[in-house]
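In: Fold the following, please.
(one chain, ligands or ions: 1)
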Amino acid sequence: MIDRRSVLAGAVSFAALQPRRGFAAAMRSAEPSPSNAYDLIIVGAGTAGLPAALFTSRRGGRVLVLDSAPVIGGTLHFSTGQMSAAGTRLQQSLGIKDSADAHFDDVMRISEGSANPEIVRLAVDQAGPTVDWLMSIGLEPMAGHPVMGLGHEFYSERRYYWGKDGGRSILAVLTQQLETERKQGRIELLLDSPVTALLTSDSGALEGVRATHDGAEHSYKGRKVLLASGGYSSNPLLWEKLDGYKQHIDAAYPFSQGAGLQLAQSVGGYLRGRSMYLTSFGAVPTDESSPAGIAASFETWPDRRAPWEIYVNVRGERFVREDEPSVNEREHALLPQPDQRYWIVFDEPMLAKAPPGIKDWTRDKIRNAAAKQAVFYSAATLGELARRAGIDARGLEYTVSRYNDDLVNGHDAWGREHLPAQITTAPFYAIRMQGFAITSNVGIAVDARLRVLDVHGNPITGLYAVGEALGHSQTSGKAYVGGMSVTPALSLGRLLGQTLPLGVSTRT
Ligand SMILES: Cc1cc2nc3c(=O)[nH]c(=O)nc-3n(C[C@H](O)[C@H](O)[C@H](O)COP(=O)(O)OP(=O)(O)OC[C@H]3O[C@@H](n4cnc5c(N)ncnc54)[C@H](O)[C@@H]3O)c2cc1C
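Out: So this is what the prediction gives:
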């Protein structure tokens, strides 16, 4: 279960990740003069920004990293941190034959060709070496990994890994590396310092950034600027504007406000990925508000729990075969439903006999929730249940009666195969589910060298972007492809750190 409040509390208490007391003040007093510009200024000390900083510094580059948050790590504090990578040493040691080509083919198959092949190619080529590197510096994958999949469409090979603390397992090893590298004195880190503008010369050339710290504006000169500031998943207004859908659940990092997108646009960059929104198959929301939090997840994967219930939209109509094996199909079926909502409908005998749908919830807990908890409902008749839940009553009554008839005939109108029982006996129950997304789809247009492009397709000199600022849709398309957000952020941040021309000598 993703609990935004507990995760937030965890982020704030992650004291080990905060810089030493006085460190930020020391950095402020050491502001560089224009002739003493940084080789690279990184906007965001998160998933992509940290490896970019580490590897730039290792080559002798002088780096300034600015973050609006009081801690480093960004979405790694929240992320499940599930990575996908092919051709890793771990796979080889287990005799798994895999390749970046096969990974690429899977991403394009699952996304039905809608991911950006140029960026996917770059990401999958770098994923294996990146996961090898993370393991070499202490990241331990869970026992039995890699696996084929978990919450998304399965890969054709076992190339999916994560640590026991999810994103925080990755952050822990990156933090150690940062501490080591900072001792070399080339990485300067300013927290609580949102970048508010890109600085340009009179001729329009990029010169650095402006950031706020302690209520004052500061300018920092840099030869190159990397936008690694994440997406906009905690900015419901921007979400609705860019994706055209209301944001119903907010489970994202609070500093994911879309700043990088606006910075890129301010110097002529443009955005892409606008028609790529896809909802997940949903969770039980905390309440009726939008955005709400997530209270629980109901098991809708038919291979883990064959469904007994039916799923209906606000009109009381079924919209997908409940035991549809492809999560991608289920997600695409939910997308056109009003507000990406559906209700799981069942009766008392089903509740008594079916395996529990919510992990660690007893049947009595469901009954109690239906009596008093938001988004859980019960009633003595289907009509009254519909009225309480906000579903069209005639629609629901018709749908249940049709479903019951189909069961007698042994042929379901939607082709459902698991047909254990009719819905006939009060009390009747409904649980409202909410489809949602936690990654932003729209992002900054870049070329295959991650240079930010202007509307004419020309790179804006010195400006780069990486991570979710590129838009999740670039690496995952209109689909959820396992690990294709966190892994590209890490891998392409690392790649930029290894390859950006700095004009400095390389340190071994
Ligand atoms: C709950 C959850 C679970 C997820 N699970 C997975 C998963 O299992 N697998 C997967 O592939 N993906 C997953 N994702 C997505 C993935 O974690 C993110 O896409 C990825 O971590 C984003 O990395 P990033 O570097 O682009 O952004 P971030 O890691 O968010 O870093 C951006 C940084 O920029 C900072 N920042 C923002 N604005 C400014 C500014 N103006 N000035 C300075 N700094 C700024 C932020 O504070 C932040 O530290 C998940 C996301 C969420 C929310």
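In: Could you tell me which residues of the stretch 401-508 of the chain lie near the ligand?
Out: Residues of the stretch 401-508 of the chain lying close to the ligand by C-beta under 6 Å from any ligand atom are 438, 439, 467, 468, 469, 483, 484, 485, 486, 487, 489. (Each C-beta comes from the backbone N, C-alpha and C, glycine too.)
In: Reformat those into TSV and put pLDDT, neighbour count and distance to residue 422 next to each item.
Out: Below are these laid out as TSV (pLDDT from 0 to 100; neighbours: other C-beta atoms under 10 Å; distance: C-beta to C-beta, whole Å):
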residue	pLDDT	neighbour count	distance to residue 422
438	93	23	37
439	96	24	40
467	98	33	50
468	98	34	46
469	98	32	51
483	97	30	41
484	98	30	41
485	98	28	42
486	98	25	44
487	98	30	45
489	98	33	48
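In: tell me which of the residues you listed is nearest to the ligand?
Out: Within those, proximity to the ligand (C-beta to the nearest ligand atom) peaks at residue 467, which comes in at 2.3 Å.
In: Quick check: chain neighbours aside, which residue is closest to the closest one?
Out: Closest residue to residue 467 apart from its sequence neighbours, by C-beta to C-beta, 6 or more residues apart in numbering: residue 48 at 3.4 Å.
In: Could you count how many residues lie near the one you found?
Out: Using other C-beta atoms under 10 Å, residue 48 has 35 other residues around it.
In: swap in residue 121?
Out: Residue 121 has 18 neighbouring residues, counting by other C-beta under 10 Å.
In: Please apply the same query to residue 214.
Out: 10.
In: Let me have the residues of the stretch 401-508 of the chain next to the ligand in TSV, extended by secondary structure.
Out: Formatted as TSV, those follow (DSSP: H, G, I helix; E, B strand; the rest coil):
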residue	secondary structure
438	coil
439	coil
467	helix
468	helix
469	helix
483	coil
484	coil
485	coil
486	helix
487	helix
489	helix
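In: Can you name the residue of the stretch 51-200 of the chain nearest the ligand?
Out: Across the stretch 51-200 of the chain, the shortest distance to the ligand (C-beta to the nearest ligand atom) belongs to residue 74, at 2.5 Å.
In: how about the residues of the stretch 151-300 of the chain near the ligand?
Out: When proximity is defined by C-beta under 6 Å from any ligand atom, the stretch 151-300 of the chain lies next to the ligand at 167, 194-195, 228-230, 251-253, 255-257, 259.
In: Name the weakest-confidence residue in the residues you listed, if you would.
Out: Lowest in pLDDT among those is residue 251, which has 91.
In: did I read that right, residue 242 in a helix?
Out: Yes. Assigned with three-state DSSP, residue 242 falls within a helix.
In: On the pLDDT front, check the closest residue to it other than its chain neighbours for me.
Out: Spatial nearest neighbour of residue 242, chain neighbours left out: residue 442 (4.2 Å); criterion: C-beta to C-beta, 6+ apart. Here, the pLDDT recorded for residue 442 equals 98.
In: hang on, isn't residue 442 packed against residue 261?
Out: Yes. Here residue 442 reaches residue 261: they are 7.3 Å apart, a contact under C-beta atoms under 8 Å.
In: Quick one: residues in contact with the host helix or strand of residue 431.
Out: Using DSSP states H and E, residue 431 maps to strand 428-434. Residues outside strand 428-434 that contact it (C-beta atoms under 8 Å, 6 or more residues apart in numbering): 248-249, 281-285, 292, 298, 300, 311, 339-348, 351, 357, 366, 370, 375-382, 385-386, 388-391.
In: Ok, stretch 397-417 next?
Out: Here stretch 397-417 has contacts from 310, 312, 316-318, 320-323, 345, 382-383, 386, 419, 421-424, using C-beta under 8 Å, 6+ apart.
In: Return it as CSV; C-alpha atoms alone will do.
Out: Only the C-alpha atoms of stretch 397-417 are listed here, as CSV (Å, rounded to 0.1, in the frame of the first residue of the first chain):
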residue,chain,number,x,y,z
GLU,A,397,-29.9,-3.8,-11.6
TYR,A,398,-29.9,-4.6,-15.3
THR,A,399,-26.2,-5.5,-15.4
VAL,A,400,-26.5,-7.8,-12.4
SER,A,401,-29.6,-9.5,-13.7
ARG,A,402,-27.9,-10.0,-17.1
TYR,A,403,-24.8,-11.4,-15.5
ASN,A,404,-26.9,-13.8,-13.4
ASP,A,405,-28.7,-15.0,-16.5
ASP,A,406,-25.4,-15.5,-18.3
LEU,A,407,-24.2,-17.7,-15.5
VAL,A,408,-27.1,-20.0,-15.9
ASN,A,409,-26.4,-20.2,-19.6
GLY,A,410,-22.7,-20.7,-18.9
HIS,A,411,-21.7,-18.0,-21.4
ASP,A,412,-20.7,-14.5,-20.2
ALA,A,413,-21.4,-11.6,-22.5
TRP,A,414,-17.8,-10.3,-21.9
GLY,A,415,-16.2,-13.7,-22.4
ARG,A,416,-15.3,-14.1,-18.7
GLU,A,417,-14.2,-17.6,-17.9
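In: if you average pLDDT over that stretch, what comes out?
Out: The average of the pLDDT scores along stretch 397-417 is 96.
In: quick check, distance from that stretch to the centre of its chain.
Out: In terms of C-alpha atoms, centre = their mean, to the nearest Å, the centre of stretch 397-417 is set 37 Å apart from its chain centre.
In: related to what we said a few turns ago, make sure the residue nearest to residue 467 is actually in contact with residue 485.
Out: No. The pair residue 48 / residue 485 is not scored as a contact, 10.3 Å apart, by C-beta under 8 Å.
In: which residues are common contacts for these two?
Out: Shared contacts of residue 48 and residue 485, counting by C-beta under 8 Å, 6+ apart, come down to residue 468.
In: Show me the shaky parts of the protein.
Out: 1-36, 503-508 (pLDDT under 70).
In: Could you break it into its assigned domains?
Out: Following automatic domain parsing, the chain resolves into domains at 41-274+439-499, 284-434.
In: which one of those is the most hemmed in?
Out: domain 41-274+439-499 (a mean of 21; mean count of other C-beta atoms under 10 Å).
In: which helices and strands sit right next to the helix or strand harbouring residue 295?
Out: Using DSSP H and E, residue 295 falls within strand 294-296. Where contact means 3 or more C-beta pairs under 8 Å, 6 or more residues apart in numbering; DSSP states H and E, strand 294-296 is packed against strand 284-285.
In: List the strands paired with the strand it packs on, with their directions.
Out: strand 294-296 (antiparallel) (DSSP bridges).
In: gap between the partner strand and the chain center?
Out: The chain centroid and the centroid of strand 294-296 are separated by 17 Å under C-alpha atoms, centre = their mean.
In: Stretch 394-414 now?
Out: Its chain's average C-alpha position is 37 Å from that of stretch 394-414, according to C-alpha atoms, centre = their mean.
In: rewinding a little: for residue 442 and residue 261, list the residues in contact with both.
Out: When contacts are counted by C-beta under 8 Å, 6+ apart, the set common to residue 442 and residue 261 consists of 232, 271.
In: Got the phi and psi for the residue of the stretch 1-150 of the chain found nearest the ligand?
Out: The ligand sits closest to residue 46 of the stretch 1-150 of the chain, with a gap of 1.9 Å, by C-beta to the nearest ligand atom. Torsion angles at residue 46 (phi, psi; degrees, to the nearest 10) stand at phi -110, psi -150.
In: same deal with the one 10 residues further on?
Out: When quoted as degrees, to the nearest 10, the phi and psi of residue 56 stand at phi -70, psi -40.
In: So for it, what's the nearest residue that isn't a sequence neighbour?
Out: residue 497 is the one closest to residue 56 (C-beta to C-beta, 6+ apart), at 4.5 Å.
In: State the distance from the one you found to the ligand.
Out: Taking C-beta to the nearest ligand atom, to the nearest Å as the measure, residue 497 falls 13 Å from the ligand.
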